[in-house]
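1. Quick one, fold the following:
(chains A and B)
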Number of protein chains: 2
Amino acid sequence: MTLDLAGDPVALTTTLVDFRSESGTEQPLADEVERALGALNSLTVARDGDTVVARTDLGRSHRIILAGHLDTVPIAGNVPSRRDGDLLYGCGTSDMKSGLAVALHLAATVPDPAFDLTVVAYDNEEVEASKNGLGRVSRNHPEWLAADFAVLLEPTDGTVEGGCQGTLRAQVTTHGKRAHSARSWHGVNAIHGAAEILNRLTAYTAREIDIDGCLYREGLNAVGISGGVAGNVIPDRCDVTVNFRFAPDRTEKDAEEHVREVFEGFEVTVTDSAPGALPGLSSPAAVSFVEALDVPVQAKLGWTDVARFATLGVPAVNFGPGDPNLAHQAGEYVDVRKITDAAAALRRYLTAG
Amino acid sequence: MTLDLAGDPVALTTTLVDFRSESGTEQPLADEVERALGALNSLTVARDGDTVVARTDLGRSHRIILAGHLDTVPIAGNVPSRRDGDLLYGCGTSDMKSGLAVALHLAATVPDPAFDLTVVAYDNEEVEASKNGLGRVSRNHPEWLAADFAVLLEPTDGTVEGGCQGTLRAQVTTHGKRAHSARSWHGVNAIHGAAEILNRLTAYTAREIDIDGCLYREGLNAVGISGGVAGNVIPDRCDVTVNFRFAPDRTEKDAEEHVREVFEGFEVTVTDSAPGALPGLSSPAAVSFVEALDVPVQAKLGWTDVARFATLGVPAVNFGPGDPNLAHQAGEYVDVRKITDAAAALRRYLTAG
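-> This is a model prediction of the structure:
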């Protein structure tokens, strides 16, 4: 399939959805994106694995990144795409080939932007973080990602979502002593010992905090619990897995200290964490972005790749035509009017400056 | 190997231990037991699968059962047996080839007992209840087990353990609503909902009750807990598996009602239960047994096959030379003096009447 970047972004979305690219199988699509961007005289194209990075070099005072991932979750009988009125159904329609289409379309149709432009189309966003193409490029070629502001075209239903919350997972463990359950007083029941962990979770009041006009809402939750040896044995261990979603004014270290404080007296093992990202909406590039788009701005509560840009010192927001509530569902679709609207809004920004 | 029933019961124990008979592989041993009992003119021998039942028919006013299982748990490098002073080491020394040896030895060496005698050597006690040989005979040939009193030669360290407690397992379940853990307020956390289940368990006071001079001590414990969908999902279900060990004055139905009452307001699913058995120590046959043996009498807190006799209306006790604390351990042994003592005590009973 050949990509027509300059044509209708809705048609381009359809072509991209029909071009299967489940995580790990992005190479043919990356090849075609590299070819199509390379055919534009305005851009210099670089590649790392299946990530394609194309840049203008117009000597503008500011540089803007438009970024989207190439991959989708596994296809669930929903490719090729299917059009029903204004709705385009198919795997990746919302998450996020519609956003990718908008970025590629603008790269091809804004010949004289107010900013220098970097378009990033990357691989392996839908799988484990260690494979993420944006993460790989930020390690191998951080200079490719130098910019004043980044827009990640993840599904936001046409709103601007600033920053993102951090996430930390920890195991909170109780220990006991095994015994036959017919003589339970010879043992110490570790599952009963976990009652206090659950009591602290139910009593926990999550913090809400406003940063740059975005309301972040934290959460501390058990996401797993396991314990038990056999049906006739008093269990000697119980593990509660908790997930702490924290506002971006906390560092990962602050978040860990907070979780350890909540579970004071218990064994706490942090299993993984990822930092949040401040919305950075007070930077000049962000202010003009929000003004030009004139759409609602809100906090991003989930974790997204904007945190990778934040780590590189690049303020970043999520803004895309897809519907986040439809992502990863077999019935995934996108309202094609949102694609046209998003392309028009970003065009206003890129040309107004 | 040939069994010499009339000789030293310690030597017979050694022979039986060296005659491997893990659950499911009892046939060669059952064949040899059938042959040896059949060689005694005093007994009529019947067989069902790998269970052997041998009976005198002396026209006595009362009939006594001596019962033991033929099988052992899997051998753990501890067969053949090894003698060290008074200790005989090996798989099944305590549980319960020493007890089986005492029963077989008495069948061969008390030619004129005060009671009619039924000896039961059965298969598959150490595996799932549905395979239990004693259970199978009680269904296929209940008349083979008709008696006034039964002695099960399970390890009791030479004491008499009366009756047994019942056991019931149930799953207590909470339901919630899934949501992304970054927006946990859209969901209902089923693991947090289980806090109240664990609180009721920790607050629970188990009953103690004296029946026929035996002190039964109940217990209600979590033996398993599980919940969780994924590290970023608010879980919509949590299951707590509880085990209720109940004194034999409660029926299974009473026990179930009690558990449902404790967890009022939660979904409770009973997964399995087995009735207890009253000690029955006030029956004339039991009174003379306890008097003749003159050893301590206590409640049996675990579940044993005496409950199967109770179901048939036969009062039953556990009495055996093995040490229950050594059962199922690689280092299992029996003190051979306990074998001699148990044989002598039972001989007193069978001849005194």
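2. Could you find the closest non-adjacent residue to the residue nearest the centre of chain A?
-> Nearest to the mean C-alpha position of chain A, by CA atoms, centre = their mean, lies A:T304 at 2.4 Å. Spatial nearest neighbour of A:T304, excluding adjacent residues (CB to CB, 6 or more residues apart in numbering or on different chains): A:C164 at 5.0 Å. (Each C-beta comes from the backbone N, C-alpha and C, glycine too.)
3. Any idea how many residues pack against that neighbour?
-> By other CB atoms under 10 Å in any protein chain shown, 32 other residues sit near A:C164.
4. go on, A:A230?
-> Around A:A230 sit 13 other residues, with neighbours defined as other CB under 10 Å.
5. What is the burial count for A:A343?
-> Other residues near A:A343 come to 22 when the count uses other CB under 10 Å.
6. what residues are up against it?
-> By CB atoms under 8 Å, 6 or more residues apart in numbering or on different chains, the contact set of A:A343 is A:P9, A:V102, A:H105, A:L106.
7. got the contact list for the residue of chain A most remote from its centre?
-> Centroid-distance maximum for chain A: A:R183 at 51.3 Å, with CA atoms, centre = their mean. By CB under 8 Å, 6+ apart, the contact set of A:R183 is B:G219, B:L301, B:G302.
8. Try it again at 10 Å.
-> By CB atoms under 10 Å, 6 or more residues apart in numbering or on different chains, A:R183 lies in contact with A:I234, B:R217, B:G219, B:R245, B:L301, B:G302.
9. what's across from the first one in the sheet?
-> Which is A:I234. A:A179 (DSSP bridges).
10. what about it, distance to A:A179?
-> According to CB to CB, to the nearest Å, A:I234 and A:A179 sit 4 Å apart.
11. Next: the fourth one.
-> Separation of B:R245 from A:A179 (CB to CB) stands at 12 Å.
12. now do A:Y333
-> The value you get for A:Y333 to A:A179, if CB to CB is used, is 56 Å.
13. For B:R245 and A:A179, list the residues in contact with both.
-> Residues touching both B:R245 and A:A179 (CB under 10 Å, 6+ apart) are A:N232, B:G219, B:N221.
14. Can I get the residues you listed in a markdown table including pLDDT and neighbour count?
-> Below are the shared contacts of B:R245 and A:A179 laid out as a markdown table (pLDDT from 0 to 100; neighbours: other CB atoms under 10 Å in any protein chain shown):
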| residue | pLDDT | neighbour count |
| --- | --- | --- |
| A:N232 | 87 | 17 |
| B:G219 | 97 | 24 |
| B:N221 | 98 | 23 |
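15. Reformat the residues you listed as a markdown table; add distance to B:A292 and secondary structure.
-> As requested, the shared contacts of B:R245 and A:A179 are exported to a markdown table (distance: CB to CB, whole Å; DSSP: H, G, I helix; E, B strand; the rest coil):
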| residue | distance to B:A292 | secondary structure |
| --- | --- | --- |
| A:N232 | 33 | coil |
| B:G219 | 33 | strand |
| B:N221 | 38 | strand |
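16. Contact partners for A:R347?
-> A:R347 sits next to A:V102, A:H105, A:L106, A:T109, A:V110, A:P113, A:A292 when contact means CB under 10 Å, 6+ apart.
17. Oops, could you answer that again for A:V137 instead?
-> Residues in contact with A:V137 (CB under 10 Å, 6+ apart) are A:46-49, A:51-53, A:120, A:122-123, A:143-145, A:308.
18. Quick check: the gap between it and A:A46.
-> With CB to CB as the criterion, A:V137 and A:A46 are 9 Å apart.
19. cool, A:V52 as well?
-> 8 Å.
20. more neighbours, those two?
-> Each of A:V52 and A:A46 has its neighbours counted (other CB under 10 Å); A:V52 has more, 29 against 13.
21. that older thread, nearest to chain B among the contacts of A:R347?
-> A:V102 (24.5 Å; CB to the nearest CB).
22. tell me the contacts of that closest one?
-> Residues in contact with A:V102 (CB under 10 Å, 6+ apart) are A:9, A:12-13, A:66, A:68, A:96, A:151, A:153, A:319-321, A:338-347.
23. Confirm that it lies within a helix, as I assumed.
-> Yes: assessed with DSSP: H, G, I helix; E, B strand; the rest coil, A:V102 lies in a helix.
24. got the contact list for A:G7?
-> Counting by CB under 10 Å, 6+ apart, A:G7 has contacts A:T15, A:H105, A:A108, A:T109.
25. The helix or strand containing A:T14 packs against which elements?
-> Assigned by DSSP states H and E, A:T14 belongs to helix A:9-18. The contact analysis (3 or more CB pairs under 10 Å, 6 or more residues apart in numbering or on different chains; DSSP states H and E) places helix A:9-18 against helix A:27-38, strand A:82-84, strand A:87-89, helix A:98-109, strand A:333-335, helix A:336-352.
26. Can you tell me which of the ones you listed is packed in deepest?
-> helix A:98-109 (a mean of 26; mean count of other CB atoms under 10 Å in any protein chain shown).
27. could you give the angle of that helix to helix A:336-352?
-> 40 degrees (axes from the mean of the first three to the mean of the last three CA atoms, to 10 degrees).
28. all helices for the stretch 151-300 of chain A, in order.
-> Under the criterion DSSP state H, counting those that start in this stretch, helices of the stretch 151-300 of chain A are mapped to A:190-193, A:195-203, A:252-262, A:284-293.
29. tell me the domain ranges of chain A?
-> A:9-164+A:277-352, A:166-274 (automatic domain parsing).
30. Kindly check the end-to-end length of the longest one for me.
-> Counting by CA to CA, to the nearest Å, you get 21 Å between the two ends of domain A:9-164+A:277-352.
31. can you tell me the average pLDDT over it?
-> Domain A:9-164+A:277-352 shows a mean pLDDT of 94.
32. Please state the offset of that domain from the chain centre?
-> Offset of domain A:9-164+A:277-352 from its chain centre (CA atoms, centre = their mean, to the nearest Å): 11 Å.
33. now the last one
-> Between the centre of domain A:166-274 and the centre of its chain there are 25 Å (CA atoms, centre = their mean).
34. Quick check: whichever residue of the stretch 1-150 of chain A sits closest to chain B vs A:P248, distance?
-> Going by CB to the nearest CB, chain B is nearest to A:E128 of the stretch 1-150 of chain A, at 11.6 Å. According to CB to CB, A:E128 stands 23 Å off from A:P248.
35. Between those two, which is the more surrounded one?
-> Taking neighbours as other CB under 10 Å, A:E128 and A:P248 compare with A:P248 leading, 26 against 8.
36. From B:A101, how far out is that one?
-> Applying CB to CB, the value for A:P248 to B:A101 is 74 Å.
37. Ok, A:D341 next?
-> Distance from A:D341 to B:A101, by CB to CB: 89 Å.
38. Then A:D123?
-> 72 Å.
39. The nearest residue to A:R250 once chain neighbours are set aside: what's it in contact with?
-> Among residues not flanking A:R250 along the chain, A:G166 sits closest, at 6.6 Å (CB to CB, 6+ apart). Residues near A:G166 by CB under 10 Å, 6+ apart: A:218, A:244-252, A:254-255, A:273-277, A:303, A:307.
40. near chain B, which residues of the stretch 51-200 of chain A show up?
-> Residues of the stretch 51-200 of chain A lying near chain B by CB under 10 Å from any CB of the partner chain: A:164-165, A:167, A:169, A:179-185, A:187, A:189-200.
41. Can you report how many residues neighbour A:V297?
-> By the criterion of other CB under 10 Å, A:V297 has 19 neighbours.
42. Quick check: closest non-adjacent residue to it.
-> Nearest residue to A:V297, sequence neighbours excluded (CB to CB, 6+ apart): A:V160, at 4.6 Å.
43. Show me what counts as buried in stretch A:37-44.
-> Buried residues in stretch A:37-44, defined by neighbour count with 16 or more other CB atoms under 10 Å in any protein chain shown: A:L37, A:L40, A:S42, A:L43.
44. CA atoms only for it, dumped as CSV, please.
-> Extracted in CSV, the C-alpha atoms of stretch A:37-44 (Å, rounded to 0.1, in the frame of the first residue of the first chain):
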residue,chain,number,x,y,z
LEU,A,37,8.4,11.4,4.2
GLY,A,38,11.6,11.1,2.3
ALA,A,39,9.7,12.0,-0.9
LEU,A,40,9.0,15.4,0.6
ASN,A,41,11.9,17.8,-0.2
SER,A,42,11.3,19.8,3.0
LEU,A,43,12.3,17.0,5.4
THR,A,44,15.5,15.2,6.4
